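In: The amino acid sequence is not available; the structure is as follows:
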DNA sequence: TTTGTTTTGTGTAAATTTTACACATTTGCA
DNA sequence: TGCAAATGTGTAAAATTTACACAAAACAAA
């Protein structure tokens, strides 16, 4: 077809190109790919950012650490699959989850092409029990993680960069903290995630000026020094008031 | 296994749980899903943000507009697939492309489960010829787009929101403009994308203070008023100097 | 050639936000 | 009772953002 002008094609209706009727057959003709979800599960403990990892159960990656993941079930939305992985491994529901990126390098899996959708998740280490203790499932300090199975180190790095960015714009961090927290805990969390020291007075000023903290009237106990006030985060107020564009703050 | 303490299991090596040797067989056991890529291709013309759409070729979506997409070939990385779609339709290579999100609702495709990975793309409308003129492929003003085939309106909306955010942080916008552009064109572009009026003097001040513009010494012609200076963007300098964290600026 | 229209190009003052910085107070512990 | 460690608080300087107006350049129309 050299010329796009339909007027020159007298036997075809101008507005009626051939339409596909059998969509099921169309879809059946597509190549199919195995899909997995992989969760980068962040926690915060001992003033350090942690990630939940498991030993790979593949011979080829013997000894290497791996993200928690699973293949997607039939007709399962991927958000649900990621949720399921989390629930199966940590026993926690209602966990903060966000899709980050899809990784599709044809050789990323030694068993053939497998596409994976990476999620990152934030949860409070203290608020849950690891359900499955096989394969040495446990928390690792982010700083100490080196080589991993598959392209999981790459996925981890991208999710961490994502977290650093997101934390500047949205109050995600409180998912890593107890319901009631001291300002010191918030600051330590931000320092751990951003990997930098922050000025204490300016940090407090900033956070108080947003006016999303509820003073519980309570104080820390079990600390070997002057206890700090405990606050909770007013998610409701945040949802109602959040600005349309946000820079470094939220 | 009631107890996770491996010391109590005398017949199994502590560090040697059963490892999977045949990874190909493992992957073969996973369910498989058809994968497509869909490209939200933005352009800028007549001071309006445009999107390249095509009529759906499915009977069930007769008359509806659709994003440009295709299924992923065997062993094709998805970035490459998106690139391929762009090249096939617009004839352009080296186009700005970014993965945005994966959409996986089980009923999003009427022919059965199909997972799609959305990309957004920015290209200069004037710099290319549409290759395939079938199915009424052409540019639409973003503001006029209503119903679309599949979940493409949802995908479009998410990509547009993504663009609005990204444009505040990175100099993507210059992909939509000619190599040499006037400040007015840049501002019009930002106003179209952000859907708001901006102060001209402050806009100029902001952009000049970043010091990424090269004065070409040339001026607009073909304008019915005083011509503006033409600049080009110093991508090299930007790459060398870009800041680690960025707020509303870049 | 003159006049009108449109857009370019430019600077400053006020307001806001960010940064840097120090000391008294409270608690637990020795 | 004194020490160690962390909380809680304010201000001044610097940097950034905002609001805002007028002369000059080009073209079009008379």
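Out: Structure received. Being a predicted model, the structure only gives us computed values, none of them experimental. Numbers count the residues shown, from 1 in each chain, chains lettered A, B, ... in the order given.

In: next one: stretch A:51-70 to chain centre, how far?
Out: Computed by C-alpha atoms, centre = their mean, to the nearest Å, the separation of stretch A:51-70 from the middle of its chain amounts to 18 Å.

In: Right, and DNA strand D sits closest to which residue of chain A?
Out: Across chain A, no residue is closer to DNA strand D than residue A:184, which sits at 2.6 Å (C-beta to the nearest atom of the strand). The way it works is simple: take the backbone N, C-alpha and C, and place the C-beta from them, glycine included.

In: I'd like the mean pLDDT over the helix or strand harbouring that residue, please.
Out: Taking DSSP states H and E as the definition, residue A:184 sits inside helix A:183-194. The average pLDDT within helix A:183-194 is 96.

In: That helix: which residues count as buried?
Out: Residues of helix A:183-194 classed as buried by neighbour count (16 or more other C-beta atoms under 10 Å in any protein chain shown): A:183-190, A:192-193.

In: TSV for those residues, including distance to residue B:128?
Out: Output for the buried residues of helix A:183-194, formatted as TSV (distance: C-beta to C-beta, whole Å):
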residue	distance to residue B:128
A:183	54
A:184	56
A:185	54
A:186	50
A:187	51
A:188	52
A:189	48
A:190	45
A:192	47
A:193	42
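
In: so which of those residues are also by chain B?
Out: Counting by C-beta under 8 Å from any C-beta of the partner chain, nothing from the buried residues of helix A:183-194 sits close to chain B.

In: wait, what's in contact with residue A:41?
Out: Taking C-beta atoms under 8 Å, 6 or more residues apart in numbering or on different chains, we find residue A:41 in contact with A:51-52, A:68, A:86, A:90, A:120-123.

In: related to what we said a few turns ago, anything in the helix holding residue A:184 sitting right up against DNA strand C?
Out: No - shown here: helix A:183-194 not in contact with DNA strand C (C-beta under 7 Å from any atom of the strand), separated by at least 12.2 Å.

In: Next, the angle from the longest strand anywhere in chain A to strand B:32-45.
Out: Longest strand in chain A, counting residues (DSSP state E): strand A:32-45. In terms of direction (axes from the mean of the first three to the mean of the last three C-alpha atoms, to 10 degrees), strand A:32-45 departs from strand B:32-45 by 80 degrees.

In: how about the closest residue to residue A:194 other than its chain neighbours, secondary structure?
Out: Using C-beta to C-beta, 6 or more residues apart in numbering or on different chains and skipping the chain neighbours, the partner closest in space to residue A:194 is residue A:164 (6.0 Å). Look at residue A:164: counting by DSSP: H, G, I helix; E, B strand; the rest coil, its state is helix.

In: Residue A:193 is in contact with residue A:164, correct?
Out: Yes - contact criterion C-beta atoms under 8 Å: residue A:164 and residue A:193 qualify, at 6.0 Å.

In: interface residues of chain A facing DNA strand C?
Out: Contact residues, chain A versus DNA strand C (C-beta under 7 Å from any atom of the strand): A:199-202, A:205-206, A:219, A:221, A:223-227, A:247-249.

In: which residues touch the residue nearest the centre of chain A?
Out: A centroid search over chain A (C-alpha atoms, centre = their mean) returns residue A:120, at 1.2 Å, as the residue closest to the centre. Contacts for residue A:120 (C-beta under 8 Å, 6+ apart) come out as A:39-42, A:97-98, A:100, A:159, A:162-163.

In: so where's chain A shaky on pLDDT?
Out: Residues of chain A meeting the criterion pLDDT under 70: A:1-17, A:132-133, A:243-250.

In: Is there any residue in the helix or strand harbouring residue A:27 that contacts chain B?
Out: Assigned by DSSP H and E, residue A:27 belongs to helix A:23-28. Yes - on the criterion C-beta under 8 Å from any C-beta, helix A:23-28 is in touch with chain B at A:23-28.

In: Show me where chain A has its helices.
Out: Secondary structure of chain A (DSSP state H): helices located at A:23-28, A:78-90, A:152-167, A:183-194, A:200-210, A:235-241.

In: Do I have it right that residue A:103 meets residue A:153?
Out: No - assessed by C-beta under 8 Å, residue A:103 is found out of contact with residue A:153, at 11.7 Å.

In: Which one's more surrounded, those two?
Out: Using other C-beta atoms under 10 Å in any protein chain shown, the more surrounded residue of residue A:103 and residue A:153 is residue A:103, with 23 against 16.

In: Enumerate every residue touching that one.
Out: Counting by C-beta under 8 Å, 6+ apart, residue A:103 makes contact with A:115-118, A:151, A:154-155.

In: For it, list each beta-bridge partner.
Out: residue A:116 (DSSP bridges).

In: Kindly report the same for residue A:40.
Out: The partner list for residue A:40 in beta bridges (DSSP bridges) reads residue A:120.

In: Any idea which residue of chain A lies closest to DNA strand C?
Out: residue A:226 (2.5 Å).

In: List the contacts of that residue.
Out: Residue A:226 touches nothing, counting by C-beta under 8 Å, 6+ apart.

In: Swap in 10 Å and give it another go.
Out: Shown in contact with residue A:226 (C-beta atoms under 10 Å, 6 or more residues apart in numbering or on different chains): A:219-220.

In: Dihedrals phi and psi, it?
Out: Residue A:226 has phi and psi values of phi -50, psi 120 when expressed as degrees, to the nearest 10.

In: What distance do you get for it to residue B:74?
Out: 65 Å (C-beta to C-beta, to the nearest Å).

In: One more: residue A:146?
Out: 33 Å.

In: now, among the contacts of residue A:41, which is nearest to residue B:137?
Out: Residue B:137 lies nearest to residue A:120 out of the contacts of residue A:41, by C-beta to C-beta, at 37.1 Å.

In: thinking again about what came up before, tilt between the longest strand of chain A and helix B:78-90?
Out: Interaxial angle of strand A:32-45 relative to helix B:78-90 (the same axes, to 10 degrees): 130 degrees.

In: tilt between strand A:32-45 and helix A:183-194?
Out: Comparing the axes of strand A:32-45 and helix A:183-194 via the same axes, to 10 degrees yields an angle of 140 degrees.
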